[in-house]
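S.K.: Here you go, sequence then predicted model.
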Amino acid sequence: MKDGVNGVALAVFIFFFLAVTVMGFLAARWRKAENDSLDEWGLGGRSFGTWVTWFLLGGDLYTAYTFVAVPAAIYAAGAAGFFAVPYTILVYPLIFTFLPRLWSVSHKHGYVTTSDFVRGRFGSKGLSLAVAVTGILATMPYIALQLVGIQAVLDVMGVGGGEGTNWFVKDLPLLIAFGVLAAYTYSSGLRAPALIAFVKDTLIYIVIAVAIIYIPIKLGGFDDIFAKAGEAFSQTNPATGKPRGALAPAEPGQWTYATLALGSALALFMYPHSITATLSSRSREVIRRNTTILPLYSLMLGLLALLGFMAIAAGVKVTNGQLAIPQLFEDMFPSWFAGVAFAAIGIGALVPAAIMSIAAANLFTRNIYKEFIKPDATPAQETKVSKLVSLLVKVGALVFVLTMDKTVAINFQLLGGIWILQTFPALVGGLFTRWFHRWALLAGWAVGMVYGTVAAYGVASPTQKHFGGSSKEIPGIGEIGYIGLTAFVINVVVTVVLTFVLKAAKAPEGIDETKPSDYTADAGDPGVVVELPPATAGAGH
């Protein structure tokens, strides 16, 4: 790592940061809000077309954490880190089947969150609350990891001083970045990350295109890169007594690889921020088109992952793997282009952090505040509460990053993935059938949450006793697999069995406020209007 501050890189970084800050505040005038409601602030007026939605979803799903952590995983352990590529390939055919249905029913009834839909479909406040709380819990560490991404870039640029520097001076750049993010999110809502996403994704595509050509040329080609990586992975890790990693997963790790990819694919669009970006689009057809063009990001992700091998071949040595790729850019690129790369990572943190905080705030406002605290809240009051909660969510994430070890944030994000997967039966199952009983879904969710949390708590790593990973032996099979997928299977089994029992006992099933035609309705269909319950009338279009 170079000593001192990289002034040129820092100047370029600040230029792009200031540019997107201005865009963030100007976004309030872009597609100006028609009224003061969650539809306008939290969903951008449900007005985004194909390209805006594509950039927004891409900015939402492919984050600074993705940019830093995926190649960092490969840098640390080898090709096992490539699980992120097949899971993004699996996810798009999956969401093609259910996202258009969710958009249609949400547009028809004015649903802002997944919990709104679950409440309307199953007539269960308890199940709706469970989905909302799970979404908020799973999102918090995800926001924290975006700030970890910014911090990694700042560390490599030498900003904030060394370990002995006063904590306030050291963390001041991150505090400034947080303050700016909070301000324009509060002001512009979802329009801010939607507009900034154009800059973010353009920078990322440019940086990856240059890196995948320029760095291999400097390192002697991909043959040399893979040879050096293979040699490095064959060396024994003193902490485990085993080889550091492998260029291809060994047979014992294939179950882990496959279950992690499948479980992650099922979980990705359960996250509130994914749904928020989806519901902001203006038509059902926009969603269908996006599921066919979003795989372009998977191509980018595959190329991005190769940077992990390049960091090994370039001789990058870092104690924190999250710094490997920023340090690679610092070492290999001219200072001005390193600044562009750092800006891509930094802005890649701002966009998803904004969307995530909005999504978490919408869940609290609609499904906790309005449902249980102030049922007669007006649309303007909902918006005000959501704005304030979005600030609190970001403050919580900032405190998390500044006061806890970074590995804790990563482990909590892995736990968040296990948790959010347990909402799949209620959300996706509910989009296709009303057969599941609401109490059975709630019981299945609870069992899955408890099993997943307890199993993850029992996983140790060379550096910590608990929450040291997300894989454990699958009961009854004996192979090591993703805890989240195991918990999901247990969840489904409990849900199905209890549904039979509760139906036989004729337990009350709740009122379904939707009808079959709601799931295929489009914005342009004759007679389609947003139907809102009396308490929320006026909050939609």
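M.R.: Alright, I've got the coordinates. Numbers count the residues shown, from 1 in each chain.
S.K.: which residues sit in contact with the most centrally placed residue in the chain?
M.R.: In the chain, the centroid-proximal residue (CA atoms, centre = their mean) is Leu61; its distance is 5.4 Å. When contacts are counted by CB atoms under 8 Å, 6 or more residues apart in numbering, Leu61 touches Thr88, Leu268, Ser274, Leu294, Tyr297, Pro352. Just so you know, the C-beta spots here come from the backbone N, C-alpha and C atoms, and that holds for glycine as well.
S.K.: Which one (most neighbours) among those?
M.R.: Pro352 (28 neighbours; other CB atoms under 10 Å).
S.K.: I'd like the contacts of Leu61 laid out as TSV, including pLDDT.
M.R.: Listed next are the contacts of Leu61 as TSV, based on pLDDT from 0 to 100:
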residue	pLDDT
Thr88	85
Leu268	89
Ser274	91
Leu294	84
Tyr297	82
Pro352	87
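S.K.: just those residues now: which is nearest Arg101?
M.R.: Top of the list for closeness to Arg101, among the contacts of Leu61 and by CB to CB, is Ser274 at 15.1 Å.
S.K.: how about low-confidence regions in the stretch 101-250 of the chain?
M.R.: Filtered on pLDDT under 70, the stretch 101-250 of the chain yields the residue ranges 160-170, 239-241.
S.K.: Break down it into its strands, ranges please.
M.R.: Under the criterion DSSP state E, counting those that start in this stretch, strands of the stretch 101-250 of the chain are mapped to 236-237, 242-243.
S.K.: Also the chain?
M.R.: Using DSSP state E, the strands of the chain run over 236-237, 242-243, 471-473, 480-482.
S.K.: Kindly format the C-alpha coordinates of stretch 412-423 as PDB.
M.R.: Extracted in PDB, the C-alpha atoms of stretch 412-423 (Å, rounded to 0.1, in the frame of the first residue of the first chain):
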ATOM      1  CA  PHE A 412     -24.700 -10.100   9.600                       C
ATOM      2  CA  GLN A 413     -25.300  -9.600   5.900                       C
ATOM      3  CA  LEU A 414     -25.000 -13.400   5.400                       C
ATOM      4  CA  LEU A 415     -27.500 -13.900   8.200                       C
ATOM      5  CA  GLY A 416     -29.700 -11.300   6.500                       C
ATOM      6  CA  GLY A 417     -29.700 -13.500   3.400                       C
ATOM      7  CA  ILE A 418     -30.800 -16.500   5.500                       C
ATOM      8  CA  TRP A 419     -33.600 -14.500   7.100                       C
ATOM      9  CA  ILE A 420     -35.000 -12.800   3.900                       C
ATOM     10  CA  LEU A 421     -35.300 -16.200   2.200                       C
ATOM     11  CA  GLN A 422     -37.900 -17.300   4.800                       C
ATOM     12  CA  THR A 423     -40.400 -14.700   3.300                       C
END
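S.K.: And the average pLDDT for that stretch is what?
M.R.: For stretch 412-423, the mean pLDDT works out to 89.
S.K.: Using CSV, please lay out the strands of the chain together with mean neighbour count.
M.R.: Formatted as CSV, the strands of the chain follow (neighbours: other CB atoms under 10 Å):
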stretch, mean neighbour count
strand 236-237, 12
strand 242-243, 12
strand 471-473, 18
strand 480-482, 24
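S.K.: Go through stretch 113-128 and flag the buried ones.
M.R.: 113-125, 127-128 (16 or more other CB atoms under 10 Å).
S.K.: what does stretch 510-517 give?
M.R.: Going by 16+ other CB under 10 Å, stretch 510-517 has these buried residues: Gly510, Thr514.
S.K.: one step back: looking at per-residue confidence, what score does the residue nearest to the centre of the chain get?
M.R.: Looking at Leu61, its pLDDT is 76.
S.K.: Also Lys374?
M.R.: 91.
S.K.: just the one 3 residues further on next, same as before
M.R.: For Ala377, the model assigns a pLDDT of 89.
S.K.: and the spatially closest residue to it that is not a sequence neighbour, how many residues sit next to it?
M.R.: Excluding the flanking residues, the one nearest Ala377 by CB to CB, 6 or more residues apart in numbering is Lys370, at 5.1 Å. Using other CB under 10 Å, Lys370 has 21 other residues around it.
S.K.: Could you do the one 5 residues further on as well?
M.R.: When neighbours are defined as other CB under 10 Å, Pro375 has 11 of them.
S.K.: the helices in the stretch 151-300 of the chain, which residues?
M.R.: 167-188, 191-219, 222-234, 254-268, 272-279, 284-293, 295-305 (DSSP state H, counting those that start in this stretch).
S.K.: Quickly note the distance from the residue nearest to the centre of the chain to Asp201.
M.R.: Shown here: Leu61 relative to Asp201, a distance of 11 Å by CB to CB, to the nearest Å.
S.K.: how many neighbours does Trp435 have?
M.R.: By other CB under 10 Å, the residues close to Trp435 number 12.
S.K.: Got phi/psi on it?
M.R.: phi -70, psi -40 (degrees, to the nearest 10).
S.K.: who's in contact with it?
M.R.: Counted by CB under 8 Å, 6+ apart, Trp435 has contacts Thr499.
S.K.: Mind pulling the model confidence for it?
M.R.: What the model reports for Trp435 is a pLDDT of 95.
S.K.: Nearest to Asp224 among the strands of the chain would be which one?
M.R.: Short answer: strand 242-243, nearest of these by CB to CB, at 20.4 Å.
S.K.: what's the closest of the strands of the chain to Thr278?
M.R.: Of the strands of the chain, nearest to Thr278 by CB to CB is strand 480-482, at 24.5 Å.
S.K.: I'd like to know which elements the closest one is packed against.
M.R.: helix 254-268, strand 471-473 (3 or more CB pairs under 8 Å, 6 or more residues apart in numbering; DSSP states H and E).
S.K.: That strand: how far from the chain's middle?
M.R.: Averaging C-alpha positions (CA atoms, centre = their mean, to the nearest Å) puts strand 480-482 22 Å from its chain's average.
S.K.: From the rest of the structure, what touches it?
M.R.: By CB under 8 Å, 6+ apart, strand 480-482 touches 252-253, 255-256, 259-260, 262-264, 470-474.
S.K.: cutoff 6 Å now
M.R.: Trp255, Thr256, Thr259, Leu260, Gly263, Ser471, Glu473, Ile474 (CB atoms under 6 Å, 6 or more residues apart in numbering).
S.K.: Just the buried ones from the residues you listed?
M.R.: Trp255, Thr256, Thr259, Leu260, Gly263, Ser471, Ile474.
S.K.: mind giving me TSV with those and columns for distance to Thr139?
M.R.: Below are the buried ones among the contacts of strand 480-482 laid out as TSV (distance: CB to CB, whole Å):
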residue	distance to Thr139
Trp255	29
Thr256	25
Thr259	23
Leu260	20
Gly263	18
Ser471	23
Ile474	27
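S.K.: now the residues you listed in a markdown table, with distance to Gln235 and pLDDT?
M.R.: Converted to a markdown table, those look like this (distance: CB to CB, whole Å; pLDDT from 0 to 100):
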| residue | distance to Gln235 | pLDDT |
| --- | --- | --- |
| Trp255 | 25 | 89 |
| Thr256 | 22 | 88 |
| Thr259 | 28 | 92 |
| Leu260 | 25 | 90 |
| Gly263 | 31 | 93 |
| Ser471 | 23 | 85 |
| Ile474 | 30 | 90 |
